[in-house]
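Participant: can't give you the sequence, but here's the structure:
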DNA sequence: TAGTTGCCTTCGAG
DNA sequence: ACTCGAAGGCAAC
């Protein structure tokens, strides 16, 4: 099937799937292969056209976030030269609508790891506890269910290379099984209430909560502060903070909750309701500038 | 060569 | 409220 794009709806599929927001897509013979819940599918972009198989058009448009009006978002977040440069460099980068359960567990795993390591962990997890589903002669693995992760022993989770994260995964799964969190309902809640709720889960701090909200619960104003975004903010936006504050957090390698919240509040108020897009563009921009793999 | 640093942080003790 | 250290393991330097 095909989907035609135009100037009012730009897309850069490669940047979208490579930028580190989502971990289980891989490219083969110019196609991207991945899975959403129980449905494996593939897609590729040729100029202004997206070709895809095994899902329908409305799902694909939703999944890729094509409903977000990028030209309008660029006008809103393009407040100064640095962010405009970032936008120019990876124009068409979209924020994907991930499956919330997979996204939550993925970002609990992502703490204190680099992207290749995160991908390794998640693939191990899916291979040992997910369900194989054939597609084009290859096996695709579903993400392990809530029940599967809740009943698996921590020691077995550790075999997937999760390290200390294994305990958080198993406790979070058990907690959700008991309390019955409903992700669709969560999408209706406002940013503050939702964040508070997510922070109750083991292994979920402010950064993980912001990622889950941005990448799977449709909170475009969420503004996750990781090491790269912290660097960007101190580099290009230090004028917006007291000198003492900047000097203090430059000299150390972790943030207190108060410091996190300060950077986070700045991002949200400065960039507005689509601050999450600004975050993703700045993140990608800064990473690709200093690294060769991306 | 072997050691160090860094990685999309969180948690708990003091 | 803040500081500090621990918690896999791997790859880059």
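Facilitator: Right, received. Where do you want to start? It should be emphasised that the depicted structure is a prediction, and the values quoted were computed from it without experimental measurement.

Participant: how about residue A:203: what's its closest non-neighbour residue?
Facilitator: Once flanking residues are discounted, residue A:203 sits nearest to residue A:168: 2.7 Å by Cβ to Cβ, 6 or more residues apart in numbering. Every residue, glycine included, has its C-beta placed from N, CA and C.

Participant: thought the one you found was touching residue A:205?
Facilitator: No - Residue A:168 lies out of contact with residue A:205 (Cβ atoms under 8 Å); the separation is 10.3 Å.

Participant: roughly how far does the residue in the stretch 1-150 of chain A that DNA strand C sits nearest to sit from residue A:207?
Facilitator: Nearest residue of the stretch 1-150 of chain A to DNA strand C (Cβ to the nearest atom of the strand) works out as residue A:112 at 4.0 Å. Distance of residue A:112 to residue A:207, computed by Cβ to Cβ, to the nearest Å: 11 Å.

Participant: more neighbours, the two?
Facilitator: residue A:207 (19 against 11; other Cβ atoms under 10 Å).

Participant: what residues are up against the residue nearest to residue A:203?
Facilitator: Counting by Cβ atoms under 8 Å, 6 or more residues apart in numbering, residue A:168 touches A:108, A:202-204.

Participant: with adjacent residues omitted, what lies nearest to the residue of the stretch 101-250 of chain A found nearest DNA strand B?
Facilitator: Using Cβ to the nearest atom of the strand, the single residue of the stretch 101-250 of chain A nearest to DNA strand B is residue A:205, 2.3 Å away. Setting aside the residues directly before and after it, residue A:205 is nearest to residue A:199 in space (Cβ to Cβ, 6+ apart), at 7.2 Å.

Participant: contacts only, for residue A:8.
Facilitator: If you count contacts by Cβ under 8 Å, 6+ apart, residue A:8 has them with A:69, A:71.

Participant: if you set the cut-off to 6 Å instead, what comes out?
Facilitator: By Cβ atoms under 6 Å, 6 or more residues apart in numbering, no residues touch residue A:8.

Participant: assumed it was part of a strand.
Facilitator: No - applying DSSP: H, G, I helix; E, B strand; the rest coil, one finds residue A:8 to be coil, outside a strand.

Participant: spell out which parts of the stretch 101-250 of chain A neighbour DNA strand B.
Facilitator: A:110-115, A:117-118, A:168, A:201-209, A:211, A:224, A:226-228 (Cβ under 7 Å from any atom of the strand).

Participant: hmm, try it at 6 Å
Facilitator: For the stretch 101-250 of chain A, the contact set with DNA strand B under Cβ under 6 Å from any atom of the strand comprises A:110-115, A:202-208, A:211, A:224, A:226-227.

Participant: in helices, which of those appear?
Facilitator: Among these, DSSP state H puts A:115, A:206-208, A:211, A:227 in helices.

Participant: most surrounded residue in these?
Facilitator: Tallying neighbours with other Cβ under 10 Å puts residue A:211 at the head of those, with 25 neighbours.

Participant: which pLDDT value belongs to it?
Facilitator: pLDDT, residue A:211: 95.

Participant: wait, doesn't it sit right on residue A:224?
Facilitator: Yes - assessed by Cβ atoms under 6 Å, residue A:211 is found in contact with residue A:224 at 4.8 Å.

Participant: follow-up on the earlier one: using TSV, lay out the contacts of residue A:168 together with pLDDT and neighbour count.
Facilitator: Formatted as TSV, the contacts of residue A:168 follow (pLDDT from 0 to 100; neighbours: other Cβ atoms under 10 Å):
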residue	pLDDT	neighbour count
A:108	95	22
A:202	95	14
A:203	94	20
A:204	95	21
